[in-house]
Every structure is written in structure tokens, then in C-alpha cells.
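Student: For reference, the sequence and a predicted model appear below.
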Amino acid sequence: MKSLKNITALLLAMLLLASCGNGGTATETTAEATETPAAEVETEVQEGRQYVKDNLPETMDFEGAALRISTRGGDEDTRMEFFAEEATGEVVNDAVFERNNMVQERLNVVMEVTYADRNRHSGDQNFIRQTVMSGDDVFEIMADSMSPTMTLGAEGLFMELNGMPWLDFEMPWWNDGFMTTSRLHGKNYLAMGDLSLTMISGTYAMFFNRTLFDEYFPEGPTLFEIVRNGTWTLDTLLDYCSGFYQDLNGDGNPNEGDLFGHYYRNQKMLGSDAYVGGCNIQILTLDADGNVQYNGNGEQVMSFLEKLTKLIFENNNSYRGEYNDDTIMVPLMERISLFVPWMLGATAYLRDMEDDFAIIPMPKLNETQTEYSATIHNGASAFAIPVTSQNSEMAAAALEALCAESYRNVTPAYFDTALKGKYSRDTETAEMLDLLMESINPDMATIFGNKLGSALDMFRGFFGSTGENAKAVSKLAASETAFVTKMEEIMDTYSKLQ
């Protein structure tokens, strides 16, 4: 929030003139105004997420109807999206609890949430398919893992969302990147936004040891400044990592106990997704006429392969070890490496870190890439309204209200908890995270996943070993026909859906 002194004497005179309705003339009013000492009126300008209003009418009333939601609850990431039975003093739980209550009261509905024992890495296509194809009106809203659920959208199991009342995908709580890329022939059957905490926790970013960075680079610009001026690129990252290696344990070999610029696991890993997203690698795109274009042999991808190969395999730029998942941040905490790319949910592993850490977007491919870009874990929750729902208007209104309130209060609570209060008190951290959220832009290969043949897994292999890395160009060339054919099949299916 900001306080602005924005009422001048001239504006005061104009307001007095406009309010004059008792026979006074313009001349008289102006004279009175000139005799009144000019006063500066302090006006509070309301800014920030919590003040962004939705377009739902305040008088909506669904008369106590049950709002039945099917979702996942197999791990903390999926469960926290809806589960909050009472206020406990835990910030995210209480924000979700208050959001649920507020939406129920506002719409006069009763939320009934069914949790499946599936985590963020899994989805259950069979459960959703069987439930909807039975024809029974069981759920108003269904949520599941993005990539497998996109396949179900092509099977005609969900309602087309763009024509539904109350859903406004221009609002900031909906992820524009997902909605745009998944919109085929003008149709969206799934939605994603701030209601999906797994989208937020699954967003890839660059973590760095801020204390270590300040020790080794005290004179240059901060990484925040580099991000702001648009020069945070793969080349910039390589500059920091090149020559950074130090043989701290003195055994003459680059290994654990030494200091590296960057950490990357020594097998195929999800860290590849972070760079694919940050460099905005779009293996498949649609041209102006809606035709599928394959970009795997293009200059952008070749440059990407070259730069990332240097970072991961050459000149001791990267430490390649066994750390992964819940140990992924050990290299950062124990000063093994300066940079570690991973999902935002990894902040949970940094709670006991003694050094200060910070988060910035993944680097761009080069400075000609105009915007920062980020992708998400392909198990992030996507939301749909099944064709069996007999109260789709309530479902749409509830999705809009839940997502809007999540944007206003749940997401900031999540950030503040994950980052030890930094989001509310550290302007640089808030700036970087807001930029990261605005840059989420998953590509078709991420959204449609295995339906296309899992391009992401192919890239994970390229940077998992030198052997697979050597095959990258030939594998990309050989994959063109399969990827294009499968995407054209999806496009054809969408064209026939109602």
C-alpha cells in the first residue's frame, strides 16, 4: 500500500465546483475556493493482490447446495490445496480455511471434498473416466494431475470452459500461459491458476546461496539487478560458474567437499525441465493457421543444447552428485554449490539453512528472449467441470471465487511461510516471486505429456549422461514425425468436440 498526497489546490477547487448545487454560480464558487487555504488530503491507494476484485455479483445464492469436489490428497502439496478443517495458527492452513469459509458463505454452498490417495507425481485417469462415463452426477469440480487429465479433456468428459458464465480467464488468478497453450480450436476443457498450489510449489526457479554469492562477488551488480535489466541468461550463469570451482578438500579431484558454481544430479532429473522452461524451449507450436510446427531442429534448440552441455558437463562448472528430491538443497546448504535449480516447494528443505538464500527466475537462453519464462511440474493440479454436472453455473462461480481468493490471500500466505516471512518484508524477494508467477508458460510438451511421447523425459536424458547427450541432435531429428503426428491427432480430436 502506498499513501499519496495527490489532491492539489486546483483539484480541490474543481471538486467544490462539482459539488455546488444550491444556486451558487461558478464565479462565486471559484472565489470561495481561492479564499480557502490549499490543503493536501492524504489518500490511501489500495494496491496489491488482496485488493483485486473479481466480477462475481455479491448477491449470488445457490441456496445451500452441495459443492462436490474430487481432488488429490496423497501428499502435503496436493492436500493443502483444499484441506483445512479448522484454524490452527499455521499460516497456509488458516488462509485455506478462511478461503473455503468465505466462498461457502458468499455463494451459499456447502463444500464436500473427496480426497484420492494420489500425490503430485500421479493422476488417476481411470477413476475420472469411469466416474464421468457412468453418467452419474457425482461431482461439480474434478481436479487431478495436469498431463494425464489433459488426455481426458480430449475424450469429451469435461465441459468447455470459455463459454461458461462467471469464469473470467483474463483475471490475474488464472495462469495465462496454461490457458493459452492448452486452448485448441478456441476450446479449454481444463483450467489452472492460483487455486492450484501444486502449480505454485511446482514452478521451477533458480535458488542461490546469497551469503556465498555476496562473499565471492561483493563488487558487481546483484543478481536481482541483473534480472531486472534483462541480462540474466545462460551465458551470465556460465560466467559465474566458469572458474568458480575450488578444490577445497585438496585431493586433486572434483568431488564432494569442493566448491562448484552449479549443482546437477548425475542421472536424468527434473532439473532439465527448469532450463527447458526458462529458455522457453517450445518443441511444438502452432502457426497463424493452426498448423503444428516442430522446432526440435531449430537454431534455438541447438543453441540451448550447446550452452547447457557446457554448464553441466564441462570445466567443473557443475557438481554432479546423488542429491535429489528432499535432499536437493543439500549442496546449497552445505556450500557445495552456488546455484541449484528446482521447484519452489524445495523451500521446505531450507528451513534450517544458516546462510541466506534467495530465488530468482531461471535464466533466459539469451538477451533476444524478451521475457523470462518458467515451466511447472507436469503433476500440477488442473481443474475441470465434468459433463455430468447438473449445476455447472455453480461450479463455474465456485472455481472463479476459489481461485480469486487464493490469489488474494492463500498464495501470499504460502510464499511468506515458505520463505520465512521474506515475502512480506523483503521487497526483492516479493518482486522476484511475483515476476516468476507472471512468467509461468508451460509448453505443449509439458501440458500434454505422455500423449505426445514425453519430450520432457527425452531432454532429461540428454543431460543425464554424456552418452545420451551425444545423441541429442539425432534423437530430436528422429522424433519430428511422431511428435507432429500425435499433436495433429489431438488437434483433430479437439476440432470435433462440442
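Tutor: Sure, I can see it. Residues are numbered from 1 along each chain as shown.
Student: Give me the domain ranges for the protein.
Tutor: For the chain, automatic domain parsing gives the domain ranges 50-201+379-418, 204-374+441-496.
Student: chain center to the first one, what's the gap?
Tutor: I take that to be domain 50-201+379-418. 15 Å (C-alpha atoms, centre = their mean, to the nearest Å).
Student: same question, stretch 274-288
Tutor: 16 Å.
Student: buried set for that stretch?
Tutor: Neighbour-count burial for stretch 274-288, counted by 16 or more other C-beta atoms under 10 Å, picks out 274-284. C-beta: built from backbone N, CA, C; applies to glycine.
Student: How about residue 285, nearest residue that isn't a chain neighbour?
Tutor: Spatial nearest neighbour of residue 285, chain neighbours left out: residue 293 (4.9 Å); criterion: C-beta to C-beta, 6 or more residues apart in numbering.
Student: Tell me if I'm right that that neighbour and residue 480 touch.
Tutor: No. Judged on C-beta atoms under 8 Å, residue 293 makes no contact with residue 480 at a distance of 10.4 Å.
Student: and the buried residues of stretch 274-288 as TSV, adding distance to residue 265?
Tutor: Shown next, in TSV, are these (distance: C-beta to C-beta, whole Å):
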residue	distance to residue 265
274	12
275	13
276	16
277	17
278	17
279	19
280	23
281	20
282	25
283	22
284	27
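Student: out of these, which one sits closest to residue 228?
Tutor: Minimum distance to residue 228 across these is 16.3 Å, recorded for residue 278 (C-beta to C-beta).
Student: thought that closest one was touching residue 204?
Tutor: Yes. Using C-beta under 8 Å, residue 278 is in contact with residue 204, at 7.1 Å.
Student: any common contacting residues for those two?
Tutor: Residues touching both residue 278 and residue 204 (C-beta atoms under 8 Å, 6 or more residues apart in numbering): 362, 374-375.
Student: Could you report the neighbour count for the residue nearest to residue 285?
Tutor: Using other C-beta atoms under 10 Å, residue 293 has 13 neighbouring residues.
Student: Save the shared contacts of residue 278 and residue 204 as CSV, and put in neighbour count, secondary structure and pLDDT too.
Tutor: Output for the shared contacts of residue 278 and residue 204, formatted as CSV (neighbours: other C-beta atoms under 10 Å; DSSP: H, G, I helix; E, B strand; the rest coil; pLDDT from 0 to 100):
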residue, neighbour count, secondary structure, pLDDT
362, 26, coil, 98
374, 23, strand, 97
375, 29, coil, 95
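Student: Looking at those, which is nearest residue 154?
Tutor: Of the shared contacts of residue 278 and residue 204, the one sitting nearest to residue 154 (C-beta to C-beta) turns out to be residue 375, at 21.2 Å.
Student: Okay, residue 352 and residue 201: tell me how far apart.
Tutor: Residue 352 is 19 Å from residue 201, where distance means C-beta to C-beta, to the nearest Å.
Student: Which pLDDT value goes with residue 109?
Tutor: Note for residue 109: predicted pLDDT of 98.
Student: Any idea how many residues pack against it?
Tutor: 25.
Student: The one 5 residues further on now?
Tutor: Counted with other C-beta under 10 Å, the neighbours of residue 114 add up to 13.
Student: Kindly report the same for the one 10 residues further on.
Tutor: The criterion is other C-beta under 10 Å. On that basis, residue 124 has 18 neighbouring residues.
Student: which residues does it contact?
Tutor: Residue 124 touches 116, 118, 144, 148, counting by C-beta under 8 Å, 6+ apart.
Student: Helix or strand: which one has the closest residue to residue 415 other than its chain neighbours?
Tutor: Sequence neighbours aside, residue 423 is the residue nearest to residue 415 in space, at 3.8 Å (criterion: C-beta to C-beta, 6+ apart). Using DSSP states H and E, residue 423 sits in helix 422-425.
Student: Show me what counts as buried in that helix.
Tutor: 422-423.
Student: before we move on, what about stretch 467-475?
Tutor: 468-469, 472.
Student: returning to that earlier point: looking at the domains of the chain, which is nearest to residue 427?
Tutor: domain 204-374+441-496 (9.7 Å).
Student: Straight-line length of the closest one, end to end?
Tutor: With C-alpha to C-alpha, to the nearest Å as the measure, domain 204-374+441-496 spans 35 Å from end to end.
Student: What of stretch 346-358?
Tutor: Using C-alpha to C-alpha, first and last residues of stretch 346-358 are 12 Å apart.
Student: circling back to that earlier point, residue 352 and residue 201: which is more packed in?
Tutor: residue 201 (24 against 6).
Student: Next one: the closest residue in space to the more buried one that isn't next to it in sequence relative to residue 328, how far apart?
Tutor: Leaving aside its sequence neighbours, residue 201 sits nearest to residue 345 (C-beta to C-beta, 6+ apart; 3.6 Å). As judged by C-beta to C-beta, residue 345 and residue 328 stand 10 Å apart.
Student: With residue 402 instead?
Tutor: Residue 402 sits 31 Å away from residue 328, going by C-beta to C-beta.
Student: the more surrounded of those two?
Tutor: Neighbours around residue 402 and residue 328, counted as other C-beta under 10 Å, are more numerous at residue 402. The numbers are 28 against 21.
Student: and the more buried one, how far is that from residue 197?
Tutor: From residue 402 to residue 197 the distance is 11 Å (C-beta to C-beta).
Student: Understood, closing this out.
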